[in-house]
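Peer 1: give me a model of this one.
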Amino acid sequence: MKVREYMNENYVLAMYDVRGIQDYIYRTPKVKDTIGASKIVEDIIPEALVNAITKVKEQSSNEITYDIDWADEKGPLQFCESDKDVQVLYIGGGNAFVLFSSRELCDLIAKSMSVYVIRRTYSMQLATACVPYSGDYQRDLQRRRNEG
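Peer 2: Model (predicted):
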């Protein structure tokens with residue numbers, strides 16, 4: 001089944017970028033602390049996303065469906081569009097690409113994720129950009145990068 005048959009036109013592609021990573025990791029000369037900070041950076045977006053989904057689900061009268069599995073032990077999974085409200089396309093290196101069923105849901109999740117990142121790290125920030133989803137996420141990513 002083609003995704004355009006059941007996906008509505010409200011889908012948006014969100015791009016997340018954690019700012020302040022190097023300052024956070026290298027603010028101490030101790031190797032042990034640097035390694036711990038690197039692990040926090042590696043986990044911050046997936047943790048923030050799961051936390052945000054949980055909070056938004058608790059506050060919403062609607063069921064929110066999601067698929068956060070974008071990779072397995074063999075590497076990245078093949079992208080397969082679904083009718084989930086939240087679908088992770090990629091997370092890594094302080095970046096993430098997530099497909100949302102609506103701009104409103106995207107905004108709610110982004111706000112909650114930003115608060116989580118600040119509270120957990122005290123210095124990193126989460127930058128977010130969204131574009132309407134056209135059905136071709138590679139083209140949408142390129143369009144967003146060109147916009148700037």
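Peer 1: mind listing the strands in the protein by residue range?
Peer 2: Along the chain, the stretches classed as strands by DSSP state E are 12-19, 66-67, 71-72, 75-76, 86-92, 95-100, 125-132.
Peer 1: got a markdown table for these, with mean pLDDT too?
Peer 2: Putting those into a markdown table (pLDDT from 0 to 100) gives the following:
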| stretch | mean pLDDT |
| --- | --- |
| strand 12-19 | 85 |
| strand 66-67 | 90 |
| strand 71-72 | 75 |
| strand 75-76 | 75 |
| strand 86-92 | 88 |
| strand 95-100 | 90 |
| strand 125-132 | 85 |
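Peer 1: quickly compare these and say which is most buried.
Peer 2: For these, the stretch with the most neighbours on average is strand 95-100, a mean of 22; neighbours defined as mean count of other C-beta atoms under 10 Å. Every C-beta, even on glycine, is put in place using the N, C-alpha and C of the backbone.
Peer 1: mind checking which of the strands of the chain is nearest Ser112?
Peer 2: Of all the strands of the chain, the one in closest proximity to Ser112, counting by C-beta to C-beta, is strand 125-132 (10.2 Å).
Peer 1: Val56: which of the strands of the chain is closest?
Peer 2: Nearest to Val56 among the strands of the chain is strand 86-92 (9.1 Å), distances taken as C-beta to C-beta.
Peer 1: that older thread, quick one: which of the strands of the chain is nearest Arg143?
Peer 2: Ranking the strands of the chain by proximity to Arg143 (C-beta to C-beta) places strand 125-132 first, at 6.2 Å.
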